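Peer 1: Here you go, sequence then predicted model.
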Amino acid sequence: MQYSISCLADVLRKLSAGGISGVIIGSTVYALRLGVSELEDDVDLFTTTISPVFNEDVVFEVAEEIGCQVGSTELGTPSLECALSSECVIVVELYENIHDFYIPSEMLMEAETLEIEGVEVKTLKIEDYVILKARAGREQDMETLSYISDLIKSKALKLDLKILSERLNLFDEDEQKLITRRLSTASIKI
C-alpha cells in the first residue's frame, strides 16, 4: 500500500488537530530524509500528547472524527487505518514506552522538526533511529541497518558519528557493547 507525502501530512495534521501528536520513530524517519515522494510502510508515531493506552477513548474519538478504523499493534497499542480517499490510505501505529518498548526521553526531546506540505512533523534523528534498530536487533532490523549502510556508502544518507557515540551512552554498558557489535555487523562504524 503506497501513499504520498501529501497523504502523510494530511493525516498527521488531522491527528494533531484531534490532540494526537508525537514523534515519527519508524522507517519513515529515513524515507523522509531521502526525499521520497511515495511511502509504503506504516507510520510509527510515538505519542507525546496523550497515552494511546490510557487515553484510548481519545484515540477512538479522533479516529471516528477523521475516518479511521482502530486496530492494534503487536504491542497492544492502538493502530489507526485511515482512508481519507482512495489515494490516501495510511496506517499509523501509536506507541509509548510500555513493556519492553523503550525510547529514551533525550531522543524524543531532541527530535528534528521537518516541514512536510506545510505541516511541521517531528522525527527521530537518523542516528537515534539507527541506534534503536541496532538495540532491537531482530532480523528485519539488521536488514534495515544493512540497507542504511548501503545508503551511507552511496552518500544518499549521512550519519553524524558524534551523535551516534553520544546516544550510545544512553544505554548501560552491556547494551552499548551489543549495539556496537550489531552496528559493526551492518558495516556501520562508530
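Peer 2: Perfect, thanks for sending it.
Peer 1: tell me the phi and psi of residue 159?
Peer 2: For residue 159, the backbone dihedrals (degrees, to the nearest 10) come out as phi -110, psi 140.
Peer 1: which residue packs closest to it, ignoring adjacent ones?
Peer 2: Nearest non-adjacent residue to residue 159, counting by C-beta to C-beta, 6 or more residues apart in numbering: residue 127, 5.6 Å away. Any C-beta I mention is one placed from the backbone N, CA and C, and that applies to glycine too.
Peer 1: count of residues packed around the one you found?
Peer 2: By other C-beta atoms under 10 Å, 21 other residues sit near residue 127.
Peer 1: Return the list of helices and strands in contact with the host helix or strand of it.
Peer 2: For residue 127, the element it lies in under DSSP states H and E is helix 126-136. Under the contact definition 3 or more C-beta pairs under 8 Å, 6 or more residues apart in numbering; DSSP states H and E, helix 126-136 sits against helix 28-34, helix 139-153, helix 161-168, helix 173-185.
Peer 1: Could you provide the ones you listed in JSON lines, with additional columns for mean neighbour count and mean pLDDT?
Peer 2: Output for the helices and strands packed on helix 126-136, formatted as JSON lines (neighbours: other C-beta atoms under 10 Å; pLDDT from 0 to 100):
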{"stretch": "helix 28-34", "mean neighbour count": "19", "mean pLDDT": "94"}
{"stretch": "helix 139-153", "mean neighbour count": "15", "mean pLDDT": "96"}
{"stretch": "helix 161-168", "mean neighbour count": "16", "mean pLDDT": "95"}
{"stretch": "helix 173-185", "mean neighbour count": "15", "mean pLDDT": "96"}
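Peer 1: Let me have these in a markdown table, adding distance to residue 19 as columns.
Peer 2: What follows is the helices and strands packed on helix 126-136, written out as a markdown table (distance: least, C-beta to C-beta, whole Å):
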| stretch | distance to residue 19 |
| --- | --- |
| helix 28-34 | 21 |
| helix 139-153 | 31 |
| helix 161-168 | 30 |
| helix 173-185 | 34 |
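Peer 1: Of those, which is nearest residue 113?
Peer 2: Residue 113 lies closest to helix 28-34 among the helices and strands packed on helix 126-136, at 11.4 Å (C-beta to C-beta).
Peer 1: right, and the helix or strand after that closest one?
Peer 2: The first helix or strand that comes after helix 28-34 along the chain, using DSSP H and E, is strand 38-39.
Peer 1: Contacts for that following strand, please.
Peer 2: Under the criterion C-beta atoms under 8 Å, 6 or more residues apart in numbering, residues 2, 3, 4, 5, 8, 28, 31 lie in contact with strand 38-39.
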